[in-house]
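Trainee: sequence first, predicted model second:
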Amino acid sequence: MFADAKLPVTFWAEAVNTACYVQNRILVNKSHNKTPYELFNGRSPTIGFIKPFGCHVMIFNTLEHLGKFEVKGDKGYFIGYSISSKAFRVFNKRTKRVEENLHVEFLENKAIEQGAGPNCTKDAARQEVKKDVSSLRYIALPNWIHEVHMESSLS
């Protein structure tokens, strides 16, 4: 699922949450012949709204009054389902934020291209990590200092 979405590794937690959400509504427990959702809630789940993880979406702007020639929405990626409402969790490419929105059009037929996600290149992520590590200053201490400190704290 995550590999097919071709999104950066930063969205792995969203992928896991979405996978759990879908599995609880679709996988059937053989001993009871019911899904985990049915066993917990006592009713069958609605699954008509389930969409592929990472598919392209158009997020409609319903909060601001827009002029005649202004853009009515933003492009983004579907990354999950809201826990507290019926909204979808989407990554807005313009604002570079994850938001929950019910007013979303799914562009499921649009192909997901490698590197289409935000900051998808692995090299860029590695360079950012290297910058952070190189700016840190380390002081090498011998192991006997740690052992002496441990002995004094135990006394």
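Mentor: All right, it came through fine. The structure displayed is predicted, hence computed values, not measured ones.
Trainee: quick check: longest strand of this structure.
Mentor: Of all segments of type strand in the chain, defined using DSSP state E, the longest is strand 73-81.
Trainee: between the helix or strand that that strand is followed by and strand 73-81, how many degrees?
Mentor: Sequence order places strand 88-92 as the next helix or strand after strand 73-81, per DSSP states H and E. Interaxial angle of strand 88-92 relative to strand 73-81 (axes from the mean of the first three to the mean of the last three CA atoms, to 10 degrees): 130 degrees.
Trainee: adjacent strands (with direction) for strand 88-92?
Mentor: In the sheet, strand 88-92 lines up against strand 73-81 (antiparallel), strand 97-101 (antiparallel) (DSSP bridges).
Trainee: name the residues of stretch 79-97 that are buried.
Mentor: Ile79, Gly80, Tyr81, Phe88, Arg89, Val90, Phe91, Asn92, Lys93 (16 or more other CB atoms under 10 Å). C-beta coordinates here come from the backbone N, C-alpha and C atoms, glycine included.
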